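K.L.:
sequence first, then the predicted structure:
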Amino acid sequence: MSERHITGIATKYDYRDAEDRAQMLRDWADGEEEQYEIADVAGSTPSCMKQKALTRSTHALSTRGKTGETQALIKAALELEQISATMQRPEYPDDVREQLGDTNPALPAALVVFAEHDAIEAHFEDEAQSWGEATPEPNLILPLNAFDPESVQSTFHTLAVVCQTLAAANRLIDLMPGNEKWVTESEEDDDSSGGDRS
């Protein structure tokens with residue numbers, strides 16, 4: 001999914017960010033990596049993530065999954081892609097870019113790991129120690145001219161897609177295997193009372 005799509009509002013930290021961090025540390029070590037503990041991202045990344053992208057239509061996969069859970073997961077991922085692709089993330093105007101010149105990048109809203117306490121999480125925790133050194137920029141800025149009806153309509157349309165994208169992401173996360181371990185007691189109470197987390 002393109003970061004220019006609305007999915008880019010919720011930045012994530014995943015194996016690619018961790019590998020960038022590991023490469024930076026290797027560059028700093030300048031050939032003396034064995035003297036430092038650099039978490040092995042490649043060893044924590046499943047081989048399937050390094051394969052070529054599927055050439056076959058992913059929509060076909062959603063109907064050929066081996067189990068109902070697999071089909072639901074694929075359909076939820078496709079739904080997220082479809083919703084987010086309907087809107088491009090607004091570009092920052094030059095004056096806003098200038099104001100954000102001294103800020104850090106936006107903080108990630110999600111950490112994506114393949115196993116608990118893996119190398120990706122280790123690099124995330126290491127990098128997170130420096131994130132408070134400067135104010136992070138907002139994840140999303142929506143320009144709005146309250147005196148221009150077209151601007152107001154466009155901004156609220158973008159905001160609607162943002163909300164739909166977050167709801168679709170929430171549905172996808174709920175379907176991911178193993179997530180029941182992280183459901184809090186209050187969420188379980190909400191689910192048992194018919195509450196909808198989306």
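P.N.:
Received, thanks.
K.L.:
residues touching the closest residue in space to A72 that isn't next to it in sequence, list them.
P.N.:
Here the nearest residue to A72 in space, its sequence neighbours aside, is L175; by C-beta to C-beta, 6 or more residues apart in numbering that works out to 5.6 Å. Glycine gets a C-beta too; all of them are placed from N, C-alpha and C. Going by C-beta atoms under 8 Å, 6 or more residues apart in numbering, L175 touches 69, 72-73, 76.
K.L.:
what about the longest helix anywhere in the chain, average pLDDT?
P.N.:
Criterion DSSP state H: the longest helix present in the chain is helix 149-175. Regarding helix 149-175, the rounded mean pLDDT is 91.
K.L.:
repeat that for stretch 134-142.
P.N.:
The model assigns stretch 134-142 a mean pLDDT of 86.
K.L.:
in that stretch, what counts as buried?
P.N.:
By neighbour count on 16 or more other C-beta atoms under 10 Å, the buried set for stretch 134-142 is 137, 139-140.
K.L.:
just for the chain, where's the confidence low?
P.N.:
Judged against pLDDT under 70, the low-scoring parts of the chain cover residues 1-10, 33, 53-67, 181-198.
K.L.:
one step back: and the contacts of L175 as JSON lines, adding secondary structure and neighbour count?
P.N.:
Formatted as JSON lines, these follow (DSSP: H, G, I helix; E, B strand; the rest coil; neighbours: other C-beta atoms under 10 Å):
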{"residue": "E69", "secondary structure": "helix", "neighbour count": "12"}
{"residue": "A72", "secondary structure": "helix", "neighbour count": "16"}
{"residue": "L73", "secondary structure": "helix", "neighbour count": "17"}
{"residue": "A76", "secondary structure": "helix", "neighbour count": "20"}
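K.L.:
which among those gets closest to Y36?
P.N.:
Comparing the contacts of L175 against Y36 with C-beta to C-beta picks out L73 as the nearest, at 38.1 Å.
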